[in-house]
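# all I have is the shape, not the residue letters:
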């Protein structure tokens with residue numbers, strides 16, 4: 001449309017110049033007449049351009065004069081674009097307000113941070129949970145307001161993983177979970193969730209399990225004691241029943257002991273940083289493995305590196321012993337079990353590998369759950385309680401370590417306890433004999 005209007009205007013201008021030149025030729029001044037027409041045309045165009053610039057500068061709604069010349073068409077096109085832009089802007093503003101209203105209504109605290117972690121916006125829940133003040137805290141750096149050492153360190157390390165069980169700056173009795181969600185242009189959202197109720201429910205669960213396990217210990221001890229007093233030879237017709245009763249009472253006692261161990265580990269906030277002498281611990285584990293195996297397996301001890309660990313000898317021995325007993329329990333006769341301790345500048349790794357039947361991949365993520373069993377019948381036949389790997393997981397968590405599980409059906413399994421370099425200690429000097 002604009003191209004057609006421009007072509008028509010050009011032809012109109014050429015016609016006017018030709019007519020003026022013809023009239024000027026009548027008086028002997030064709031060039032002067034043509035220049036006068038061109039000057040008048042230029043003045044008219046400049047006037048139209050000036051009007052258009054004034055309309056654009058006013059930022060008011062454009063109201064171009066009707067017409068089919070290029071300037072009128074340009075004004076009409078600009079007016080259409082302006083109306084479309086205003087509609088789009090109104091729609092975006094409405095969406096932004098809707099998003100802000102939705103974010104403001106969230107029960108979780110939401111804080112929008114710029115790339116320098118300065119506060120851009122926060123909702124009412126963030127004000128209540130984090131103690132932020134909308135009159136003064138806008139534009140402030142978040143770590144200047146949340147000054148807990150754990151929170152400051154979390155931000156300094158990149159805030160990549162959620163931070164749990166943090167006291168609220170507004171109320172010490174409120175426990176928070178913090179999560180940082182990055183989005184465009186290195187900005188991020190800080191999400192604070194109140195987990196106080198979940199913490200209370202978890203504490204109730206831990207107390208219940210601990211109390212029930214403790215109360216069961218005494219009657220089980222009594223039952224087990226009376227069963228030991230009965231000689232199967234005196235009652236040969238009840239010998240299978242007595243044998244099964246003894247087996248199940250021992251298993252129940254072991255389950256209670258494992259539950260009490262888990263309750264103690266869950267209630268424990270930290271571990272003593274005593275020196276765990278790995279050479280002695282590995283040798284103790286090897287002897288335990290040989291006693292459990294009773295010559296049915298080949299148990300190999302490997303040690304790469306001479307570093308010790310900082311932590312609890314009792315708890316680490318319990319964790320490694322659980323892994324070793326599982327390997328002995330599920331590895332067929334004649335199989336091979338390897339205990340391997342290796343350490344370098346990246347940390348330490350305690351590995352228990354076996355040549356057992358292996359574990360299907362779909363079961364691996366749930367192995368550390370309480371009482372989870374890959375095969376219920378096989379686990380009960382082997383005497384397992386279903387709590388060993390849960391104990392291993394909690395012990396490693398207290399040592400800021402984690403468990404890696406690798407397994408292939410028909411080949412075997414490998415359980416790796418991974419410790420950070422901060423847990424490694426130089427090997428203790430040998431004691432003089």
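Yep, that arrived. Nothing here was measured: the structure is a model prediction, and the numbers come from that model.

# buried sites along stretch 277-291?
Along stretch 277-291, these residues count as buried under the neighbour rule (16 or more other Cβ atoms under 10 Å): 277-278, 281-282, 285-286, 288-289. (Each C-beta comes from the backbone N, C-alpha and C, glycine too.)

# again with stretch 231-251
Of the residues in stretch 231-251, 242, 245-246, 249 count as buried by neighbour count, 16+ other Cβ under 10 Å.

# before we move on, back to that, could you dump the buried residues of stretch 277-291 to CSV with distance to residue 170, pLDDT and secondary structure?
Below are the buried residues of stretch 277-291 laid out as CSV (distance: Cβ to Cβ, whole Å; pLDDT from 0 to 100; DSSP: H, G, I helix; E, B strand; the rest coil):
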residue, distance to residue 170, pLDDT, secondary structure
277, 47, 90, coil
278, 46, 89, helix
281, 46, 91, helix
282, 50, 91, helix
285, 49, 92, helix
286, 54, 91, helix
288, 51, 91, helix
289, 53, 90, helix
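
# picking up where we left off before, identify the farthest-apart pair in the buried residues of stretch 231-251.
242 and 249 (10.5 Å; Cβ to Cβ).

# tell me, what's touching those two both at once?
residue 227 (Cβ atoms under 8 Å, 6 or more residues apart in numbering).

# returning to that earlier point: identify, from the buried residues of stretch 277-291, the entry nearest to residue 22.
residue 278 (111.2 Å).

# was I right about the closest one contacting residue 308?
Yes: counting by Cβ atoms under 8 Å, residue 278 touches residue 308, with 5.2 Å between them.

# A strand includes residue 147, no?
No: counting by DSSP: H, G, I helix; E, B strand; the rest coil, residue 147 is not found in a strand; it is coil.

# and the residue lying closest to it once chain neighbours are set aside, which helix or strand is it part of?
Leaving out its chain neighbours, the residue that sits closest to residue 147 by Cβ to Cβ, 6 or more residues apart in numbering is residue 169, at 7.9 Å. Using DSSP states H and E, residue 169 sits within no helix or strand.

# please apply the same query to the one 10 residues further on.
Residue 179 is part of strand 175-183 when elements are defined by DSSP H and E.

# now that strand: buried residues?
Buried, per 16+ other Cβ under 10 Å, within strand 175-183: 175-180.

# in the stretch 101-250 of the chain, which ranges drop under the pLDDT threshold?
Across the stretch 101-250 of the chain, nothing is flagged by pLDDT under 70.

# hmm, try it at 90
101-108, 115, 121-128, 131-140, 143-153, 155-174, 183-187, 196-250 (pLDDT under 90).

# so who does residue 192 touch?
With Cβ under 8 Å, 6+ apart, residue 192 has these contacts: 108-111, 125-126, 129-130, 176-178.

# so how far is residue 74 from the most centrally placed residue in the chain?
By Cα atoms, centre = their mean, the chain has its centre lying nearest to residue 161, at 4.4 Å. Distance of residue 161 to residue 74, given as Cβ to Cβ, to the nearest Å: 57 Å.

# follow-up on the earlier one: distance from the strand holding residue 179 to the middle of the chain?
Using Cα atoms, centre = their mean, to the nearest Å, the mean C-alpha position of strand 175-183 is found 9 Å from that of the whole chain.

# what's the first helix or strand after that strand?
Per DSSP H and E, the helix or strand that comes after strand 175-183 is strand 187-194.

# narrow the contacts of residue 192 to those in helices?
125-126, 129-130 (DSSP state H).

# which parts of the stretch 101-250 of the chain are strands?
109-113, 119-122, 163-167, 175-183, 187-194 (DSSP state E, counting those that start in this stretch).

# and the longest one with strand 187-194, angle?
Translated: strand 175-183. Orientation note: strand 175-183 sits at an angle of 160 degrees relative to strand 187-194 (axes from the mean of the first three to the mean of the last three Cα atoms, to 10 degrees).

# hmm, back to that, the residue nearest to residue 147 against residue 130, yeah?
Yes: under the criterion of Cβ under 8 Å, residue 169 makes contact with residue 130 at 5.9 Å.
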